[in-house]
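# what's the 3D shape of this:
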Amino acid sequence: MKPAFCLTIFLGSLLLFAIQPMVGKILLPSLGGTPAVWNTCMLFFQGSLLLGYGYAHFVSGRLSPVWQVRLHLLLLATVTLALPIQAGMELNPPGEADPTWWLLGQLMLLVGLPFIVVSANAPLLQRWFSFADGNRVGDPYFLYAFSNAGSLLALLAYPFLFERSLELGEQARLWSAGFALVTAGFVVCGWFVIRNNAPPDVYQGAWQSRPERATNLPGLSWKQRWHFVFLAAVPSSLMLVAACLLRPVENPAAAGRIAAGEVTTQVSGRIAGWAR
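Sure, this is the predicted structure:
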C-alpha cells in the first residue's frame, strides 16, 4: 500500500511543478519576459494552488473517505477528457492595453482545472493514507518528502532535459501521459481507502472514523491564524522579488526559454520546505 501512495504523490507533485514552466514557455513569448508578466503567472499559480488546497480541506472535513475518493476520481476523469494541453494554440494579446486580465484568462482556459485538481493531490493523499491500513497509519507526513522530491525533480529536469529535447506539443503529450499515471495511482490508493472504511452512507468526516486518533488539542485563535498566514506570505513575496531581480528580460524572442532565475527561486523554496 505504502509504495502506491508514495509513487502517486511523487508523480502528482512532479506534474504540478512541470506544468508551470511549460505554460510559461507557451504564453510568455507573446508578451515578453518582463517581471510583471512572470509575476502575473505566479499570481495565477499561487491562487490556483490555494483553491486546490481549499478544495482538499473542504472535502476532507465534510465527506466520508469513500465519497472523497469518488468525487476526486470524477474530477480526475473530467480533466482527462480536456487533455492534452493545447500547446500550439493561436494567441492574440491585447496590443498596447494592459495584458494582465488577458493573461489570467488564458491561463485559466489553458490549465486552470488541471492545475487546481493536481494541486489538491498531495493533501488529499496524505489525508487518505491516515484512513488506510498500514504500518504508519496516523503518520502520513513522511509523504511530504516524496512530494517535495517530485517538485524538485520537475524544476531541475525541465530546463535541462525537457525544454532542450522536446517540442511543446511533445511536452504536453508527455504531461498528459503522466496525468493518466497519476489517475491510475489514485484508483489504487482509493481502493485501499474504500476497502478499509465503512459504507459511503455513514458519515465519517474529519477524524471521526478513527476515534482512537482524536485529540483534545485547543483550537487556534484568529490572531494565531493570521500570524501563520503572514509567515507563509513572506517567503512567497520574497520569491517574486527574487524573480524580478533575476529576470530582466525584455525581448519577447528571448522569453521563449525559461530563465534560470525562475527555476532557481522555486528550487530554493522546495529545498527550504524539505529542510523543515
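# so how far is residue 53 from residue 24?
22 Å (CB to CB, to the nearest Å). The way it works is simple: take the backbone N, C-alpha and C, and place the C-beta from them, glycine included.
# More neighbours: these two, which one.
Of the pair residue 24 and residue 53, residue 24 is the one with more neighbours under other CB atoms under 10 Å, namely 23 against 16.
# Buried ones in the one helix or strand that one maps to, by neighbour count?
Using DSSP states H and E, residue 24 sits within helix 2-31. Neighbour counts using 16 or more other CB atoms under 10 Å place 4-31 of helix 2-31 among the buried residues.
# what mean pLDDT does the helix or strand following that helix have?
As assigned by DSSP H and E, the chain's next helix or strand after helix 2-31 is helix 35-62. The average pLDDT within helix 35-62 is 88.
# next helix or strand past helix 35-62?
Next helix or strand after helix 35-62 toward the C-terminus (DSSP H and E): helix 65-82.
# Now that following helix: buried residues?
65-69, 72, 75-76, 79.
# likewise stretch 108-127?
Taking 16+ other CB under 10 Å as the criterion, stretch 108-127 shows 110-112, 114-127 as buried.
# which regions of the chain sit below the pLDDT cut-off?
32-34, 88-90, 95, 133-139, 197-218, 243-276 (pLDDT under 70).
# wait, residue 168 sits on residue 84?
No - the pair residue 168 / residue 84 is not scored as a contact, 10.6 Å apart, by CB atoms under 8 Å.
# separation between the residue of the chain positioned farthest from its centre and residue 29?
Distance from the C-alpha centroid of the chain peaks at residue 96, with 32.5 Å (CA atoms, centre = their mean). Using CB to CB, residue 96 is found at 18 Å from residue 29.
# Repeat that for residue 41.
Remark: distance between residue 41 and residue 29 (CB to CB) = 13 Å.
# joint contacts of these two?
Common contact partners of residue 41 and residue 29 (CB atoms under 8 Å, 6 or more residues apart in numbering): none.
# what's the closest non-adjacent residue to the spatially most central residue of the chain?
Residue closest to the average C-alpha location in the chain (CA atoms, centre = their mean): residue 119, at 2.9 Å. Once flanking residues are discounted, residue 119 sits nearest to residue 52: 3.0 Å by CB to CB, 6 or more residues apart in numbering.
# list the contacts for the one you found?
Going by CB under 8 Å, 6+ apart, the list of residues near residue 52 reads 115-120.
# Please apply the same query to residue 128.
5, 65, 68-69, 189-190, 192-193.
# for those residues, which one is nearest residue 164?
Nearest to residue 164, judged by CB to CB, of the contacts of residue 128 is residue 5 at 32.3 Å.
# what number of residues lie near the residue nearest to the closest one when sequence neighbours are not counted?
Once flanking residues are discounted, residue 5 sits nearest to residue 129: 5.2 Å by CB to CB, 6+ apart. As a burial measure, residue 129 scores 27 neighbours (other CB under 10 Å).
# where's the helix or strand hosting residue 129 relative to the chain centroid, distance-wise?
Per DSSP H and E: residue 129 is located in helix 121-131. A distance of 14 Å separates the centroid of the chain from that of helix 121-131, by CA atoms, centre = their mean, to the nearest Å.
# ok, now stretch 14-33?
Offset of stretch 14-33 from its chain centre (CA atoms, centre = their mean): 14 Å.
# Only C-alpha atoms, please: export it in PDB.
Extracted as PDB, the C-alpha positions of stretch 14-33 are listed here (Å, rounded to 0.1, in the frame of the first residue of the first chain):
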ATOM      1  CA  LEU A  14       6.200  16.400 -10.400                       C
ATOM      2  CA  LEU A  15       3.300  17.200 -12.800                       C
ATOM      3  CA  LEU A  16       2.300  20.200 -10.600                       C
ATOM      4  CA  PHE A  17       5.700  21.900 -11.000                       C
ATOM      5  CA  ALA A  18       6.500  20.800 -14.500                       C
ATOM      6  CA  ILE A  19       3.300  22.400 -15.900                       C
ATOM      7  CA  GLN A  20       4.300  25.900 -14.700                       C
ATOM      8  CA  PRO A  21       7.500  26.400 -16.800                       C
ATOM      9  CA  MET A  22       5.800  24.600 -19.700                       C
ATOM     10  CA  VAL A  23       2.900  27.000 -19.700                       C
ATOM     11  CA  GLY A  24       5.300  29.900 -19.300                       C
ATOM     12  CA  LYS A  25       7.100  28.800 -22.400                       C
ATOM     13  CA  ILE A  26       3.700  28.700 -24.300                       C
ATOM     14  CA  LEU A  27       2.500  32.200 -23.200                       C
ATOM     15  CA  LEU A  28       5.500  34.400 -22.300                       C
ATOM     16  CA  PRO A  29       6.900  34.800 -25.900                       C
ATOM     17  CA  SER A  30       3.600  36.600 -26.900                       C
ATOM     18  CA  LEU A  31       4.000  39.200 -24.200                       C
ATOM     19  CA  GLY A  32       7.700  39.300 -23.500                       C
ATOM     20  CA  GLY A  33       9.500  38.000 -20.400                       C
END
